[in-house]
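>>> please find the sequence and the predicted model below.
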Amino acid sequence: MLDPKDFIKFLNKTGINFFCGVPDSCVYPFVKNLKKNYVLANEGTAVSFATGYYLSTKKVPLIYLQNSGLGNATDPITNLISKEIYNLPAILLIGWRGHPKFKDEKQHIVQGKILKKTLTSFGIKFQELINKKSLPKIKELIKFSKKKSRVVAILVNKKTFDDSKIIKKQYNSYNLKRSDVLLELLSQSSKSDKFFSSVGYNSRELYQLSIEKNISRKIFYLIGAMGHTAAVALGSNLFDKNNRNTICVDGDGSFLMHMGSLVNSGNLSKKNFKYLMLKNDKHESVGNIDLKFNMDFEKFSKAIGFKGFILTKNKKNLKKDIKKFLNYKGSVFHVAYVKNKTLDNLLRVRNINQIKEKFIF
Ligand SMILES: Cc1ncc(C[n+]2csc(CCOP(=O)(O)OP(=O)(O)O)c2C)c(N)n1
């Protein structure tokens with residue numbers, strides 16, 4: 001294990017002083033210790049932003065990401081900064097989920113198994129960061145990146161960074177609980193409604209509440225594919241023969257990641273499309289990393305074609321707001337500000353096949 005502060009000092013000594021990315025549960029202790037850092041919409045945006053930094057400073061940037069985000073980043077990595085194109089340097093710090101040596105969730109297995117192969121096939125040199133002993137090799141890797149102007153990757157696993165000194169919970173000022181919103185939504189919804197929920201705590205809480213409160217609904221839980229919840233919901237909405245309500249429950253991180261799909265939803269969806277964003281100003285499920293962005297959601301939703309807008313900031317209005325949301329005669333965009341706090345002993349969505357069967361049939 002490595003103290004993330006020591007690793008940051010090490011990087012600074014090698015001349016790496018610029019950090020941006022999308023957080024992940026392996027890299028979060030590192031991210032929490034950065035003094036200045038840019039949390040960006042998605043991993044491709046982060047690589048591109050870092051490229052802009054290099055073009056202005058000639059200094060090598062570091063981009064942190066999860067291996068599941070590599071897909072988002074491959075276009076700028078291969079078609080912008082690779083040696084065949086502009087040949088620009090960058091250090092990727094990749095959280096390696098689905099590492100063959102560690103037990104992990106289903107959604108990380110495929111990419112976890114082939115991470116090294118993937119990087120090799122892109123011509124990206126890499127080194128695993130395990131503890132202090134790995135540092136000389138990492139130093140060489142960074143030297144190579146600088147000298148040859150190449151993209152290189154440092155791979156970190158769940159145990160690389162010591163997180164014992166991290167203050168895990170720093171709460172936002174909102175009072176409403178995510179579980180209050182989800183329970184109200186489940187309770188007032190009808191059996192024929194179709195739910196889609198985003199990766200992380202939204203899916204996990206919805207799953208837990210529907211089991212604990214014995215409210216059986218058709219719910220398609222996304223346990224990966226961050227940022228794609230609205231697009232899945234939209235496709236289902238347009239082609240659902242029975243015209244059931246489509247309810248999309250999204251996180252603010254997930255919303256931001258592929259915001260274009262909201263533009264598609266506002267433009268294309270039928271009038272029974274209902275989008276609910278649970279805004280906690282964090283990437284909560286991956287170490288509670290701050291995620292702040294300013295946006296007038298009402299103006300945004302209207303501009304992209306949603307007919308209705310609802311904002312819920314406290315428990316007092318929750319019941320009536322959810323009622324309005326579910327009964328709105330037209331597509332509706334609902335934002336609820338929620339505390340970054342989860343239910344205790346949160347379950348993980350596991351029985352995927354059963355969920356699929358129940359949802360489709
Ligand atoms: C493409 C991709 N990048 C990064 C991750 C890691 N990840 C999992 S959940 C999550 C945070 C999601 O944030 P948000 O939608 O706001 O939900 P919250 O965790 O706050 O409930 C991240 C970054 C991922 N799963 N996929």
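Noted; the coordinates are in hand. Residues are numbered from 1 along each chain as shown.
>>> does stretch 92-112 reach the ligand?
No: figure legend: stretch 92-112 not in contact with the ligand (Cβ under 6 Å from any ligand atom); closest approach 7.7 Å. For the C-beta atoms, the positions are set from N, CA and C on the backbone; glycine is no exception.
>>> the chain - how does it break down into domains?
4-156, 178-360 (automatic domain parsing).
>>> quick check: end-to-end length of the first one?
Yep, that's domain 4-156 we're talking about. Using Cα to Cα, to the nearest Å, the end-to-end distance of domain 4-156 comes out at 11 Å.
>>> let me know the average pLDDT across it.
When pLDDT is averaged along domain 4-156, the result is 96.
>>> and that domain, how far out from the chain middle?
Computed by Cα atoms, centre = their mean, to the nearest Å, the chain-centroid distance of domain 4-156 equals 17 Å.
>>> spell out which residues of the stretch 101-250 of the chain are next to the ligand.
Residues of the stretch 101-250 of the chain lying close to the ligand by Cβ under 6 Å from any ligand atom are 198, 199, 200, 201, 202, 224, 226.
>>> now the domains of the chain in CSV, with mean neighbour count?
Compiled in CSV, those are given as follows (neighbours: other Cβ atoms under 10 Å):
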stretch, mean neighbour count
domain 4-156, 19
domain 178-360, 19
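>>> you'd agree residue 176 is in a strand?
No: assessed with DSSP: H, G, I helix; E, B strand; the rest coil, residue 176 is coil; it does not lie in a strand.
>>> is it correct that residue 158 is in contact with residue 28?
No: the pair residue 158 / residue 28 is not scored as a contact, 10.6 Å apart, by Cβ atoms under 8 Å.
>>> turn the domains of the chain into JSON lines, columns for distance to residue 163.
Converted to JSON lines, those look like this (distance: least, Cβ to Cβ, whole Å):
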{"stretch": "domain 4-156", "distance to residue 163": "4"}
{"stretch": "domain 178-360", "distance to residue 163": "8"}
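>>> is stretch 269-284 in proximity to the ligand?
Yes: contact between stretch 269-284 and the ligand, assessed by Cβ under 6 Å from any ligand atom, occurs at 280, 282, 283, 284.
>>> just want the residue of the protein that's nearest the ligand.
Nearest to the ligand in the chain, going by Cβ to the nearest ligand atom, is residue 251, at a distance of 2.1 Å.
>>> hey, what's that residue bridged with?
residue 278 (DSSP bridges).
>>> now do the contacts for it.
198, 199, 200, 201, 202, 277, 278, 280, 284 (Cβ atoms under 8 Å, 6 or more residues apart in numbering).
>>> in contact with the residue lying closest to residue 315 once chain neighbours are set aside, which residues?
Excluding the flanking residues, the one nearest residue 315 by Cβ to Cβ, 6 or more residues apart in numbering is residue 176, at 5.7 Å. By Cβ under 8 Å, 6+ apart, residue 176 lies in contact with 312, 313, 314, 315, 318, 336, 337, 338, 339.
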